[in-house]
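A.B. asks: sequence and predicted model, in that order:
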Amino acid sequence: MSLIVQKYGGSSVADAESIKRVAKRIVETRKAGNEVVVAVSAMGDTTDELLDLAHEVAPIPAPREMDMLLSAGERISMALLAMAIESLGHDARSFTGSQAGMITDARHGAARIVDVTPVRLREALDEGAIVIVAGFQGFNRDTKDITTLGRGGSDTTAVALAAALNADVCEIYTDVDGIFSADPRIVPNAHKLDRISSEEMLELAANGAKVLYIRAVEYARRHGVTLHVRSSFNNNEGTIVYNETENEGAMEEPMIAGVATDLSEAKITVVGVPDIPGKAAQIFTIVAKTGANIDMIVQNVSAASTGLTDISFTLPKSEGQLVLTSLRAEQEETGFKALQYDDQIGKLALVGAGMRTNAGVSAKLFTALFEAGINIEMISTSEIRISVVTRADTINDALRVVHTAFGLDGDTEAVVHAGTGR
């Protein structure tokens with residue numbers, strides 16, 4: 001008997017009919033002789049609606065109460081799904097994150113999992129029940145409070161349960177047929193990948209691909225969990241996300257796995273920085289104190305006549321104003337001349353393990369963008385990724401021309417069943 005963990009996102013359980021369809025799929029998996037554990041998200045746009053409601057009653061909602069509110073969405077889904085399975089004649093038991101043993105740190109809104117003790121889940125499985133767990137939430141032992149894991153938390157819940165229960169596979173159900181070479185909403189002829197390494201998936205997730213969240217991929221890689229990303233709207237095979245050790249002795253990797261884009265970042269340029277040792281450290285120490293996550297960094301060559309240089313870096317738009325305020329507060333001490341803020345940028349990332357052994361990838365990327373008249377403002381690389389920053393209003397065109405230039409176009413149009421790509 002195999003143990004399969006399944007995760008269903010909000011679009012897969014958006015209404016009563018969707019929940020009944022998912023219940024039938026779960027029962028079919030159980031009838032095939034498998035033990036089944038399911039992590040479920042809130043229905044449709046419930047989380048966003050609860051967020052809006054919270055901000056209507058309080059300009060700055062208390063973090064503890066926000067977690068109490070938001071965790072209600074998944075509790076509704078888990079109970080309704082368990083009811084639907086029971087109506088099909090199978091025993092189903094729903095559990096909140098705390099009941100499932102999902103132990104986290106005390107940070108509200110973005111808690112990290114520190115331990116998983118699924119004792120009650122194992123007992124229910126041993127008694128022949130299908131287990132339904134509310135995703136996105138956990139429990140802190142010290143404060144005794146409910147916590148939430150942040151965006152993509154249900155993916156992380158599913159992977160953590162799969163690791164703790166030693167599951168054979170963790171199936172992530174979405175409204176697309178798997179992981180594609182690009183966002184099928186922007187590149188309709190993007191092709192579905194049969195397999196992708198966790199290393200490549202980490203790079204795509206970190207650079208804007210929404211089909212899997214980076215924390216879930218990191219957790220799966222660390223704990224050796226195999227992911228199967230597939231559609232909840234059909235029975236087609238999806239995409240296997242494998243750990244590199246599982247692929248030993250297999251064929252060489254394709255040169256490029258996919259292309260991702262991200263419009264959530266802004267760029268700050270610190271103008272006129274004295275080009276002397278310690279100034280960059282001083283600037284980024286100020287940034288670090290805000291808790292902002294820096295992505296790309298570029299420092300220009302200093303002008304010989306002035307001895308000054310410019311340093312540019314990208315960060316989430318949501319953190320931009322806080323960082324600007326902190327830098328301005330210490331401008332005199334740091335000695336830079338001015339700050340420039342630009343939130344109309346887009347990032348494109350080309351990802352593929354085959355880059356390690358294929359020359360000319362950079363030349364082909366830059367040529368494709370040049371021929372499309374798209375200007376590059378920043379460049380960053382890793383062993384299997386090249387990222388560029390360009391204007392936000394050209395990013396979709398950039399995605400399409402790069403996708404075509406590397407021969408990633410498929411023969412048919414991809415289907416996004418519920419219209420969200422998740």
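C.D. replies: Looks like it came in fine.
A.B. asks: how long is stretch 191-202 end to end?
C.D. replies: Start and end residues of stretch 191-202 are separated by 19 Å (CA to CA, to the nearest Å).
A.B. asks: flag every buried residue along that stretch.
C.D. replies: 191-193, 195-202 (16 or more other CB atoms under 10 Å). Quick note: C-beta positions are derived from backbone N, CA and C, even for glycine.
A.B. asks: try stretch 14-25
C.D. replies: So, applying 16+ other CB under 10 Å, buried residues of stretch 14-25: 14, 18-20, 22-23, 25.
A.B. asks: what ranges does the chain have for its helices?
C.D. replies: Secondary structure of the chain by DSSP state H: the helices cover 16-31, 46-57, 63-87, 119-126, 153-164, 198-206, 214-223, 279-289, 317-329, 331-334, 361-371, 395-405.
A.B. asks: against which helices or strands is the first one packed?
C.D. replies: Helices and strands touching helix 16-31, by 3 or more CB pairs under 8 Å, 6 or more residues apart in numbering; DSSP states H and E, are strand 3-8, strand 35-40, helix 63-87, strand 130-134.
A.B. asks: and the longest one, how far out from the chain's middle?
C.D. replies: For helix 63-87, the separation from the chain centroid amounts to 22 Å (computed by CA atoms, centre = their mean, to the nearest Å).
A.B. asks: angle of it against strand 3-8?
C.D. replies: Angle, helix 63-87 to strand 3-8, by axes from the mean of the first three to the mean of the last three CA atoms, to 10 degrees: 120 degrees.
A.B. asks: follow-up on the earlier one: for residue 230, which of the helices of the chain is the nearest?
C.D. replies: Comparison of these against residue 230 by CB to CB identifies helix 16-31 as nearest, at 10.4 Å.
A.B. asks: so what's residue 15 up against?
C.D. replies: 43-44 (CB atoms under 8 Å, 6 or more residues apart in numbering).
A.B. asks: likewise for the one 10 residues further on?
C.D. replies: For residue 25, the residues meeting the contact criterion (CB under 8 Å, 6+ apart) are residue 232.
A.B. asks: from residue 54, how far out is it?
C.D. replies: 33 Å (CB to CB, to the nearest Å).
A.B. asks: picking up where we left off before, could you dump the helices and strands packed on helix 16-31 into JSON lines and include mean neighbour count and distance to residue 340?
C.D. replies: Below are the helices and strands packed on helix 16-31 laid out as JSON lines (neighbours: other CB atoms under 10 Å; distance: least, CB to CB, whole Å):
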{"stretch": "strand 3-8", "mean neighbour count": "25", "distance to residue 340": "42"}
{"stretch": "strand 35-40", "mean neighbour count": "29", "distance to residue 340": "43"}
{"stretch": "helix 63-87", "mean neighbour count": "20", "distance to residue 340": "33"}
{"stretch": "strand 130-134", "mean neighbour count": "29", "distance to residue 340": "44"}
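A.B. asks: tell me which of these lies nearest to residue 241.
C.D. replies: Nearest of the helices and strands packed on helix 16-31 (CB to CB): strand 3-8, 13.0 Å.
A.B. asks: same list (the buried residues of stretch 191-202) but as JSON lines, adding pLDDT.
C.D. replies: As requested, those are exported to JSON lines (pLDDT from 0 to 100):
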{"residue": "191", "pLDDT": "92"}
{"residue": "192", "pLDDT": "93"}
{"residue": "193", "pLDDT": "94"}
{"residue": "195", "pLDDT": "94"}
{"residue": "196", "pLDDT": "94"}
{"residue": "197", "pLDDT": "93"}
{"residue": "198", "pLDDT": "92"}
{"residue": "199", "pLDDT": "93"}
{"residue": "200", "pLDDT": "94"}
{"residue": "201", "pLDDT": "94"}
{"residue": "202", "pLDDT": "93"}
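A.B. asks: wait, which of those residues is closest to residue 46?
C.D. replies: residue 201 (27.2 Å).
A.B. asks: ok, the closest one touching residue 172?
C.D. replies: No. Counting by CB atoms under 8 Å, no contact exists between residue 201 and residue 172, whose distance comes to 11.1 Å.
A.B. asks: need the residues touching each of those two.
C.D. replies: With CB under 8 Å, 6+ apart, residue 201 and residue 172 have common neighbours residue 212.
A.B. asks: now the helices and strands packed on helix 16-31 in a markdown table, with mean pLDDT?
C.D. replies: As requested, those are exported to a markdown table (pLDDT from 0 to 100):
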| stretch | mean pLDDT |
| --- | --- |
| strand 3-8 | 97 |
| strand 35-40 | 98 |
| helix 63-87 | 97 |
| strand 130-134 | 98 |
